[in-house]
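Trainee: sequence unknown, structure follows:
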């Protein structure tokens, strides 16, 4: 077998996901996938947040009961771990019925809707990071379920880190 024959096929080939960087669509370098995933998710979600706040200035942002370390732990450790476990289970079921790209989109839309139940405007922002997290899960599950969980959970933790630090400091985001 030649090295080319053994090369993994990126998820999303022939779909809009093909425009996402190879680093998050091919399970080769976990740390690179985490960093590229975060660099792709965080700035775009901030931009979506600004647009959503401009379109809906009266909408209230999500609010969190601030309790220092507990808030930080909840947003940076607990939420990414719990949501990745749920997301992974849902994606594994979706992949029984849908191609990978469709499963990613359905998953991200579902997370947008779920977060909108808490604060309606939040779903307009949160769907994009979940496109990235879901892509990472689907990509890395072909290599190992441990990495399929760890890579998106770490990316999600980075996604939440700066907002969590701002919330703990009392900055209204």
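Mentor: Sure thing, it's come through. This one's a predicted model, so the numbers in the text were calculated from it and none came from an experiment.

Trainee: where does this protein dip in pLDDT?
Mentor: Residue ranges of the chain with pLDDT under 70: 1-9, 61-62, 64, 66, 172-173.

Trainee: do you know how far the nearest residue to residue 99 once chain neighbours are set aside is from residue 100?
Mentor: Leaving out its chain neighbours, the residue that sits closest to residue 99 by C-beta to C-beta, 6 or more residues apart in numbering is residue 15, at 7.8 Å. (C-beta placed from N, C-alpha, C; glycine too.) Distance, residue 15 to residue 100, by C-beta to C-beta, to the nearest Å: 8 Å.

Trainee: please identify which of those two sits among more neighbours.
Mentor: Using other C-beta atoms under 10 Å as the criterion, residue 15 and residue 100 rank with residue 100 on top: 22 against 15.

Trainee: how near is that one to residue 139?
Mentor: 8 Å.

Trainee: mutual contacts of these two, please.
Mentor: Common contacts of residue 100 and residue 139 (C-beta atoms under 8 Å, 6 or more residues apart in numbering): residue 11.

Trainee: next structured bit after the helix ranked longest in the chain?
Mentor: When the chain is parsed with DSSP state H, its longest helix is helix 30-55. Following helix 30-55 in sequence order, the next helix or strand is helix 69-73 (DSSP states H and E).

Trainee: buried ones in that following helix?
Mentor: Within helix 69-73, the residues that count as buried by 16 or more other C-beta atoms under 10 Å are 71, 72.

Trainee: again, but for stretch 95-109
Mentor: So, applying 16+ other C-beta under 10 Å, buried residues of stretch 95-109: 95, 100, 101, 103, 104, 105, 106, 107, 108.

Trainee: which one of those residues is nearest to residue 60?
Mentor: residue 108 (23.0 Å; C-beta to C-beta).

Trainee: which residues are in contact with the nearest residue to residue 22 once chain neighbours are set aside?
Mentor: Sequence neighbours aside, residue 10 is the residue nearest to residue 22 in space, at 5.9 Å (criterion: C-beta to C-beta, 6+ apart). Residue 10 is in contact with 18, 22, 25, 26, 139, counting by C-beta under 8 Å, 6+ apart.

Trainee: need phi/psi at the fourth one.
Mentor: Spelled out, that is residue 26. Main-chain dihedrals, residue 26, degrees, to the nearest 10: phi -130, psi 130.

Trainee: look up how far residue 10 lies from it.
Mentor: On the measure of C-beta to C-beta, residue 26 and residue 10 end up 5 Å apart.
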